[in-house]
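> Give me coordinates for this.
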Amino acid sequence: MDTLHLLFNAVTVIFIATTMFAAGLGATLSALRAVFADLPLLLLALLANLMVIPLLGWGIAALFSLPAAAFIAMVLVASSPGGPFGAKLGMLQKGDVVAGAAMQVLLAAIGSITFGPTANVILTAAKVGAGVSLDVAALMRTVAVLQLVPFAVGLVLRHYAPLTARSWHPVAAKLSNVTFMIVLVGMLLGNWRDVVALVGSRTLLAGFVLSAAAFATGTVLATGPPARRTTMGGVAAVRNAGPALAAVGIAFGNEPAILGALAAVLLSGLAAAVPIAAVLSRRRDDGTA
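Presented below is the predicted three-dimensional model:
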C-alpha cells in the first residue's frame with residue numbers, strides 16, 4: 001500500500017508540473033500582456049475566480065449539507081482557479097481561445113499563491129468536522145514550486161527558443177492529459193468504496209451545481225463580445241486539480257474519503273461544463289450565439 005501511495009504521489013507531482021510546463025510552453029508574453037492590459041476583464045476575472053466562486057463552493061456545500069470529506073473537497077476545488085481544461089473548453093465552444101488560454105495560465109499562476117490562504121479561511125470559518133486548519137506556508141511553498149517554477153521555465157523557453165518550445169508543447173500537453181487520467185483513475189480505484197458510497201448522494205449534484213454556477217459567474221463577470229465572455233465562463237467552471245491534490249496529500253495524508261469526494265466533484269463538474277460548451281458551439285455554428 002505504501003508503494004502504491006508513493007506511486008500515486010509521484011504521478012500527481014508529474015501531472016501538476018507538466019501541466020504548468022505545457023502552459024508556459026504554450027503562452028506568449030504578448031498574450032499575457034494583452035490580458036494584463038484589459039484591466040476591467042482582469043479585475044472581473046480575479047473577482048469571479050478568487051472570491052465569488054470559492055464562496056459559492058462554501059455556500060453550495062453548506063446548502064447541500066455535505067459530510068466533512070465532501071465539504072472539504074468542494075472547498076478545495078472551488079478555491080483553486082485555472083484548471084488547464086478550461087482553455088480546452090474555449091476551443092470546444094468556438095470561443096476566444098487566445099484570451100481563454102492566457103487567462104487560464106494567469107489564474108493558475110496567481111492561484112498557486114492564493115489557494116492555501118483562501119481554502120484555510122473558508123474551512124476554518126465553516127468549522128468542518130472537528131475543525132480543519134491547513135499549513136498555509138507549506139502548502140503555498142509546495143504549490144508554488146510545483147506550478148510557478150515549471151510555468152516560468154516553459155515561458156522562458158517559449159520566449160528564447162520558440163521552435164523548441166513549439167515542438168515540446170504537444171508532448172508536454174499529452175503527458176499532462178495522460179497523467180491527469182491516471183490520477184483520476186487512481187483516485188477512483190484506490191478509493192472505490194468511498195466513490196461508490198457517493199453514487200446517489202448530494203456530493204455529485206453539488207459538484208455539478210458548482211461548475212454550472214461558476215460557468216455563469218465567469219460569463220457575467222467578464223467584458224467584451226459574447227464569445228469572450230462565455231470563454232471566461234468556461235475557464236471559471238474548470239478548477240485546477242493540482243493544488244487540491246497537493247492539499248489533500250499535505251494536510252490530510254491522502255485520506256481516501258477526501259480523495260474519493262475530490263474525484264467525484266471534479267468529474268461531476270466536467271459533466272456540467274462540457275455540455276454547456278457543446279451547446280454554445282452548436283449555437284455559434286448556427287449563428288445564434
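> Report the contact partners of A237.
Residues in contact with A237 (C-beta atoms under 8 Å, 6 or more residues apart in numbering) are G86, L89, S211, A212, A214, F215, G218, G269, A272, A273, I276. Where C-beta positions appear, they are placed from N, C-alpha and C, glycine not excepted.
> So which of the residues you listed is the closest to A126?
A126 lies nearest to A214 out of the contacts of A237, by C-beta to C-beta, at 18.6 Å.
> Could you double-check that the closest one lies in contact with V235?
No: at 9.4 Å, A214 does not count as touching V235 under the criterion of C-beta atoms under 8 Å.
> Looking at these two, which one has more neighbours?
Set A214 next to V235 and count neighbours by other C-beta atoms under 10 Å: V235 wins out with 34 against 31.
> Quickly note the distance from that one to W168.
24 Å (C-beta to C-beta, to the nearest Å).
> ok, back up a step: mind picking the two most distant members of the contacts of A237?
Between any two of these (C-beta to C-beta), the greatest distance is 14.4 Å, for G86 and A212.
> Between the two, which is the more surrounded one?
Set G86 next to A212 and count neighbours by other C-beta under 10 Å: G86 wins out with 32 against 18.
> contacting residues for that one?
G86 makes contact with G100, Q104, G234, V235, A236, A237, V238, according to C-beta under 8 Å, 6+ apart.
> Can I get those in a markdown table including distance to A125, pLDDT and secondary structure?
Formatted as a markdown table, these follow (distance: C-beta to C-beta, whole Å; pLDDT from 0 to 100; DSSP: H, G, I helix; E, B strand; the rest coil):
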| residue | distance to A125 | pLDDT | secondary structure |
| --- | --- | --- | --- |
| G100 | 32 | 84 | helix |
| Q104 | 28 | 85 | helix |
| G234 | 29 | 94 | helix |
| V235 | 26 | 94 | helix |
| A236 | 22 | 96 | helix |
| A237 | 24 | 95 | helix |
| V238 | 25 | 90 | coil |
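> Sweet, I'm off.
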